[in-house]
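Q: with the input below, show me the fold.
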Amino acid sequence: MKKVLVLCTGNSCRSQIAHGYLQKFAGDKAEVYSAGVETHGVNPKAIATMKEDGIDISNHTSNNVLEYQGIDFDYVITVCDNAKERCPYFPSRAEKFHYNFPDPAKATGTEEEVKREFARVRELIKNYCLAFVKEHL
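A: Residues are numbered from 1 along each chain as shown. Down below sits the predicted model:
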């Protein structure tokens, strides 16, 4: 079974959404983890936008990447430029992937506009995760 780590700045939105989709699409082909270079807690709007697509991430926790130093990952996916630049080095044979998704937590406007931005970013991440699983798992 492959081990996949998804990294973001605060492990609150983008990495949590990717974690949910990778887990769903990979099934028993992979063990999925997510972490941040900081921990900000799981964003309630990320939980809500995933629930709208039938995925429950309400039990996810916000973890620091250093908590996973002892795990030999096969793949590490950074989902924002900040995480790619700030990720501490730890010895790994992991193949690294990067895609800088927009941060929905920075969306402004009405509640409906923010909700639409979360859904838009969710769909970008969903498509990326589906393609990643098809190609690598």
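Q: any regions of the protein where pLDDT drops low?
A: Within the chain, the stretches falling below the threshold (pLDDT under 70) are 83-84, 86-91.
Q: where do the helices of it begin and end?
A: Assigned helices in the chain, in chain order: 14-26, 44-52, 81-86, 111-136 (criterion: DSSP state H).
Q: just so I know, which of those helices lies nearest residue 38?
A: Nearest of the helices of the chain to residue 38, taken as C-beta to C-beta: helix 81-86 at 8.7 Å. For the C-beta atoms, the positions are set from N, CA and C on the backbone; glycine is no exception.
Q: so which of the helices of the chain is the most packed in?
A: Per residue and on average, the most neighbours among the helices of the chain fall to helix 14-26, with a mean of 25 (mean count of other C-beta atoms under 10 Å).
Q: circling back: JSON lines please, covering the helices of the chain and showing distance to residue 61.
A: Compiled in JSON lines, the helices of the chain are given as follows (distance: least, C-beta to C-beta, whole Å):
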{"stretch": "helix 14-26", "distance to residue 61": "9"}
{"stretch": "helix 44-52", "distance to residue 61": "12"}
{"stretch": "helix 81-86", "distance to residue 61": "17"}
{"stretch": "helix 111-136", "distance to residue 61": "19"}
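Q: centre-most residue in this protein?
A: Of all residues in the chain, the one closest to the mean position by C-alpha atoms, centre = their mean is residue 15, 1.8 Å from it.
Q: which residues touch that residue?
A: 6-8, 34-36, 79, 83 (C-beta atoms under 8 Å, 6 or more residues apart in numbering).
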